[in-house]
Structure formats: structure tokens, C-alpha cells
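Visitor: structure, please.
(2 chains)
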Amino acid sequence: MKKLMELLREEMVKAFAGAGYDEKYAQVNVSNRPDLCQYQCNGALAAAKAYHKAPMVIAEEVVPALLEGPYFEKAEAVRPGFINLTLRNEFLADYVNEMAETEKFGAVQTEEPRTIMIDYGGPNVAKPLHVGHLRSAVIGESVKRICRFVGHKVIGDVHLGDWGLQMGLIITELRKRQPDLPYFDPEFAGEYPEEAPFTIGELEEIYPYANAFSKEHPEYLAEAHQATYELQNGNRGYLALWQHIINVSVTDLKRNYRNLNVEFDLWKKESDAQKYIPDLVKYLKDEGYAYISEGALVVDVKEETDTKEIPPCMILKSDGATLYKTTDLATIVEREKLFDPDTYIYVVDKRQGLYFEQIFRCSKKCKLVPEETEMIFLGFGTMNGKDGKPFKTRDGGVMRLENLIAEIKGAVYDKIMENRQMDESEADEVARKVGVAALKYGDLSNQASKDYIFDTERFTSFDGNTGPYILYTIVRIKSILQKYREMGGDESAKVHAEVNPSELALLLQLGRFSEMVQTAYEEKAPHKVCQYVYELANAFNGFYHETRILNEEDTQKRAGYIALLKVVLGVLETCCDLLGIETPDRM
RNA sequence: ACAUCCGUAGCUCAGUGGAUAGAGCAAUGGCCUCCGGAGCCAUGUGCGUGGGUUCGAUUCCCGUCGGAUGUACCA
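Guide: Numbering: from 1, shown residues only, chains lettered A, B, ... in the order given. Take a look at the predicted model:
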């Protein structure tokens, strides 16, 4: 199914070509003057110079052909050369009916499905998720869904941080506390216990403690370095412990992400990439890409067009140790081997922009990925508090994600209970869904690259451009449809073409769905989905208040309204799904 | 110091080389109280600033002011 805009453009191309003008001027846009028209074409203005004609003359030459076609009720040339377009209601209604019968409501599917590797989430084992992890998870999840929706093969990888000093610190602290565990007995040759010697709660306490302690005690830190070294070189007991740490952590992380309706296809870890490093380093040296500079092994990634100094991409430190970059490059090697992606998307804090620029350049220059591979850095801004500074707890600490969710869920719960009676378990589940919707929508409705201000009160409001408002609209429609079903009304009707103004506005908004999906995909911009879904919800509520639906006495007309409601509901729910927002049946 | 990004209404945010720059919240006045309360109408202020390109600039370019961020052995 073609985009509505595409149909209009094709018609416009015919008209421009027919009048002897290049079709590149036949661009159609949604009108920026809805009081005058629904769609518009500014091509005559642009063509005027090339053809040495007054724009108005060109516009007038194009218009007649438009009126002959099946789409336009009105097409008029207006000074200084705009072409104002109004659609036939029949055409619009047919289009929406076709949407209703088409998979994904007619959203354009890609003709060249790509394999897209999207790297988001980025949690570390043994450390609780905090607000810094929120944006990556929320934005990444939505981008993943949007890419998948238009027909690409998308692999979401959590890329777990499970390597490095943090593990050594935990092992060291564990040994201090429980020296008798078999993991610390070099003589032990039997099977290690299946049960981990700690809970997630203990683990989360151990790491910060050990980290702080090591900063005060150099000998402890040295011990941790030694433990890290031994772990990475195959100490059997440490490896078993490390596996316990991962298992316990991942179980907890999955639970947390599940609460947020975030789901990863892959749970790859930094450690998985380690085995590629020796060959990678050898390759970079042998091929002459890497050289020694100031004792470190580096690859130059400067380019002629740079306006600033781009530091070389460091592969090995001067002491021979690997860096995070080494692991990231090795991860790319692994991904090429296992998945051969056409596109990489990294959903990461925008402050890492330079870092990833180096990674991307190095990957291309050293041919770790093919030249045509697309590498996208999707940097997001900081979540700030009401004071405009990075979000903190009341006492100035880093807020755990769990606590943030609990806070927002609590606020929503109170609002729900003001007016509804629900049993405790349903209310709890509804509050979770609505709360997460408030949180996610508050985040996603901003451009990802910008910082934004987190405001519980605003995000959880049932008024305005918020998640709860969207969900409320959905729930309202569900309720009406449910009532209609109980009345035993006709469910096979189609959307009618005789429409009142608010109904027309609703049809027009529905007709833009496919266009919106494409833009959101191309720009990797979930906020476009938010903007659209908000406008759609608004258009519906406008219609709802002007139109008696279930009380309509003309059963034909009523059945037509119901058909329209079903499409609106479907599109609203689809948009929520693209945002990773779950929709309750009641609230 | 250099570089990147940002600066739009009182607040939070959209938006575009083109017609009168939009929402929400907040404010004021009025209406509605109906299928699920979270609607409707009206009123008010804005593209940081100075140039340039263009038929046309809030949008592109340059300067300037302000803010955020980043600049090889952290990630």
C-alpha cells in the first residue's frame, strides 16, 4: 500500500510533467495553513527561476490536470504561487478503509531489508541500573521496534559490561569475607556449587564497598588487579565465581528491563569479545594500520577535512594492556563474523561522540567492516532535574532506576484510585503500565539528542502531551467498542465518506500514519511517533466530544463510526508499541 | 585554547528555505458536565544578537553573546 503522500505526489508529477515542467518540482507537503487547505505544493515557486516564468503562471498551468484526477476536491493556485489542495472525502475514506484491511495499517515496508545491529542498554554486572541507563534502554527499544516495523532484521544487543577491574574487586572482597569458599582453594578439584554464594542484594552492596575501599587502600587495589589478571587468564575458581556473578546479575537485569518492557535479542558480554583481541591486534600491526606512538599502539584516524584535532585510536596502552576501545573493536569483529550487519546503531550518551567517531573511522579504515556498512551514533542528552542539572536523589546521590519507577508508579497509582475502584492486583499492574508509559513518553517525546527535564508531576498528568493521556484515549475507545459489542451492533461496516469536520480531521491524521513511520525510521526519531500519536489522540477526542457515537440513532452511521474507532484504536496501539509502551484495558 | 551541540511564549517542548512560527502546562474570561472526569471558545507575550546569501531566512553561511559537552593510555 502506498503512502497517501506518495499517491498525491504521483498525481502532482503527472500534472507538472503534463505542463512541461520537471517532476522534481512536484513535491507535496502537509499544509502549514490548515485553514486554507489540507495539502500544498510549493513547487511552482521553486520552478519559477529555472523557467523564467512567474510562479503564479506555472501554478495555474498545473492545476487543471489535478482537478481531473480522482483525488482532489479542490486544487487552486494562490498568490504568490502556492497550489492549495483539498482531498475528496471519498478518496480519504477509501484510503482509511484500505489501511484498516492492510497489515501494519499500510505502513510502507522496506524493499531492501537490512540487518541492523543495535547496541543499547549497556548495563554492568553487579551494579544496579540507575537513571543513566534509562535513556539508552528506552530510546534503543523504540528505535529497534521502529526499524523492525518497516521490515528490517534487527538484533538488539545489551552488550553487558562484565570484564575488567570491577570483577577483580568483587572477587577480592568476597575472598576477604568468605575465605573458606572452594573458589579460593587452589587445591580444589571438584565441582563448584551450583548455587551462588551471594544474592543480588549482597552483590550490589559488595561492589560499591570494594570500590570505595580500594581507593583508600593501595594494597587492596593491587590485590584486585591481581584477581582481575588471574580471572582473565583462566583461574578456575575465579571463573566459576564470575559465572555466578553474571548469572545472578543477568537474572536481576532481565527482571528490571522486563518491568520497562525492554527486551534484548542478545545478551552478549564484553568478555565474549576478548578472544578476538589477539588476532585483531596482530592484524592491525601486520597490515600496517597500527603503530607505536608514545609507547602505545595506535591507529591514526585523522582525515583531511577535519576542523579539529582527532586523537588517534588507541589499541593498546603503553603497558600493553587493552582498553575499552579494544574490546569495542573486537566486538565489531565478532558481530561481523556472527551476524554480518549492514547497519550498526549505538544508542549511547552523546558525550561519547568523539569516542565512537574514532571507533567508526578505525573500523572502516582498517577494513574491519565493509566500506558500505552504515555506522550510526545515536547520542542522547542528559536527563536533568527540575533545576536543570543532572538528575539526582534528594541527598545528591545517583538514583536507582527501580526507585524512579516506583516513585512514578506511586504517583500514577494515587491518581487511578481517586476515581476508580479496582482490586489491588489489577490496580498495581495498571499503575505499572501507566507509570512506565509516563516515564517513557516523557523521555521519548523529546528529541533524543537534547537534554531534557524530568518532571514526575508533568509526565504523570492525564492532561496534555503525556503518556497517560494517550493511554486514556485508548482505554476510552476500548470501552466504547466493548459497549457496542454488548449492544450487538453491526461490526462489518466501513468508514463513511460523509463526515463532520472533526471526523474529517481524524481521517486526515490517520492518512499520515505511513508517512510518519517512514520519517521516524529515517531519522531514528521516536519523538516523531509521539508527536503523531498525540495529534491523533487529540483528533479523536475532538471527534468524540462533537459526536454522539453510541447514541446515534442511524445504525448505519453508528456502524461507520465504530469502523473508524477501530482504525483509530489500532493505529494508537501500534504507535504505543513502536514506543515500547504497553496499553491497559482499563485505567 | 580549540572543537561540537544548543539558544523558539512565563515554564516544558515541537517545527520549517516560503503564506499569519505551533502544542501542552500555567494565567484570565466564558461555555459544556454527555457514550469513561482529564473537553470547547476567547485573550496575552517569542525565533539570544549583528551581518551576509536568497525573490523570500526562525531555518543556510559568518561574527558575537550565553549555556552544555568534549579534547590519546577512563569508559
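
Visitor: next, count neighbours for the residue in chain A positioned nearest to RNA strand B.
Guide: Residue nearest to RNA strand B within chain A (CB to the nearest atom of the strand): residue A:464, separated by 2.1 Å. All C-beta spots, glycine's among them, are computed from the backbone N, C-alpha and C. Neighbourhood size, residue A:464 [other CB atoms under 10 Å]: 10.

Visitor: quick one: name the residues of the stretch 351-500 of chain A near RNA strand B.
Guide: A:351-355, A:382, A:384, A:388, A:415-416, A:418-420, A:445-447, A:449-453, A:455, A:458, A:461-465, A:469, A:472, A:475-476, A:478-480, A:483 (CB under 7 Å from any atom of the strand).

Visitor: among those residues, name the buried ones.
Guide: When these are checked for burial by 16 or more other CB atoms under 10 Å, the buried set is A:355, A:382, A:384, A:415-416, A:445-446, A:452-453, A:461-462, A:465, A:469, A:472, A:475-476, A:478, A:480.

Visitor: in strands, which of these fall?
Guide: A:384, A:452-453 (DSSP state E).

Visitor: just the buried residues of stretch A:436-448, please?
Guide: A:436-446, A:448.

Visitor: could I get the average pLDDT for it?
Guide: For stretch A:436-448, the mean per-residue pLDDT is 94.

Visitor: work out for me the element residue A:376 sits within.
Guide: Take DSSP states H and E as the rule and residue A:376 turns out to sit in strand A:374-380.

Visitor: buried ones in that strand, by neighbour count?
Guide: A:375-380.

Visitor: put the alpha carbons of it into CSV.
Guide: Output of strand A:374-380 as CSV, limited to C-alpha atoms (Å, rounded to 0.1, in the frame of the first residue of the first chain):
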residue,chain,number,x,y,z
GLU,A,374,26.4,2.2,7.9
MET,A,375,27.6,3.1,11.4
ILE,A,376,25.2,5.3,13.3
PHE,A,377,26.0,7.0,16.6
LEU,A,378,22.7,7.9,18.2
GLY,A,379,23.8,10.1,21.1
PHE,A,380,21.3,11.1,23.7
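
Visitor: need the contact partners of it.
Guide: A:114, A:135-136, A:139-140, A:143, A:342-353, A:356-357, A:360, A:363-364, A:369, A:448-449, A:524 (CB atoms under 8 Å, 6 or more residues apart in numbering).

Visitor: quick one: the strands in the stretch 51-200 of chain A?
Guide: Assigned strands in the stretch 51-200 of chain A, in chain order: A:72-78, A:82-87, A:115-119, A:153-157 (criterion: DSSP state E, counting those that start in this stretch).

Visitor: who's in contact with residue A:489?
Guide: A:555, A:558-559, A:562.

Visitor: so how far is residue A:557 from residue A:88?
Guide: Using CB to CB, to the nearest Å, residue A:88 is found at 20 Å from residue A:557.

Visitor: the helix or strand where residue A:281 lies and RNA strand B, are they touching?
Guide: Per DSSP H and E: residue A:281 is located in helix A:277-286. No: for helix A:277-286 and RNA strand B, the contact criterion (CB under 7 Å from any atom of the strand) is not met; the two come no nearer than 12.7 Å.

Visitor: isn't residue A:175 right up against residue A:184?
Guide: Yes: with contact defined as CB atoms under 8 Å, residue A:175 reaches residue A:184; the gap is 5.1 Å.

Visitor: ok, back up a step: which other helices and strands does the helix holding residue A:281 contact?
Guide: The contact analysis (3 or more CB pairs under 8 Å, 6 or more residues apart in numbering; DSSP states H and E) places helix A:277-286 against strand A:296-299, strand A:313-316, helix A:324-338.

Visitor: same list (the ones you listed) but as TSV, adding distance to RNA strand B, mean pLDDT and mean neighbour count.
Guide: Converted to TSV, the helices and strands packed on helix A:277-286 look like this (distance: least, CB to the nearest atom of the strand, whole Å; pLDDT from 0 to 100; neighbours: other CB atoms under 10 Å):
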stretch	distance to RNA strand B	mean pLDDT	mean neighbour count
strand A:296-299	4	95	20
strand A:313-316	4	95	24
helix A:324-338	3	96	19
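
Visitor: check which residues of stretch A:489-500 are buried.
Guide: A:493-497, A:499.

Visitor: now do the strands in the stretch 201-350 of chain A.
Guide: A:290-293, A:296-299, A:313-316, A:343-349.

Visitor: pull the helix holding residue A:281 out as PDB, backbone CA atoms only.
Guide: Output in PDB follows, covering the C-alpha atoms of helix A:277-286 (Å, rounded to 0.1, in the frame of the first residue of the first chain):
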ATOM      1  CA  ILE A 277      41.600  -9.400  20.600                       C
ATOM      2  CA  PRO A 278      45.000 -11.100  20.000                       C
ATOM      3  CA  ASP A 279      44.200 -11.700  16.300                       C
ATOM      4  CA  LEU A 280      42.800  -8.200  15.900                       C
ATOM      5  CA  VAL A 281      46.000  -6.700  17.300                       C
ATOM      6  CA  LYS A 282      48.200  -8.900  15.200                       C
ATOM      7  CA  TYR A 283      46.100  -8.000  12.100                       C
ATOM      8  CA  LEU A 284      46.300  -4.300  12.800                       C
ATOM      9  CA  LYS A 285      50.100  -4.500  13.200                       C
ATOM     10  CA  ASP A 286      50.700  -6.800  10.200                       C
END
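
Visitor: burial count for the closest residue to residue A:247 other than its chain neighbours?
Guide: Of all residues not flanking residue A:247 in the chain, residue A:196 sits nearest, at 6.6 Å (CB to CB, 6 or more residues apart in numbering). Residues near residue A:196, counting by other CB under 10 Å, number 19.

Visitor: do you know the pLDDT at residue A:196?
Guide: Value for residue A:196, per-residue pLDDT: 94.

Visitor: right, and it touches residue A:246 too?
Guide: No: look at residue A:196 against residue A:246 with CB under 8 Å: they stay out of range, at 9.8 Å.
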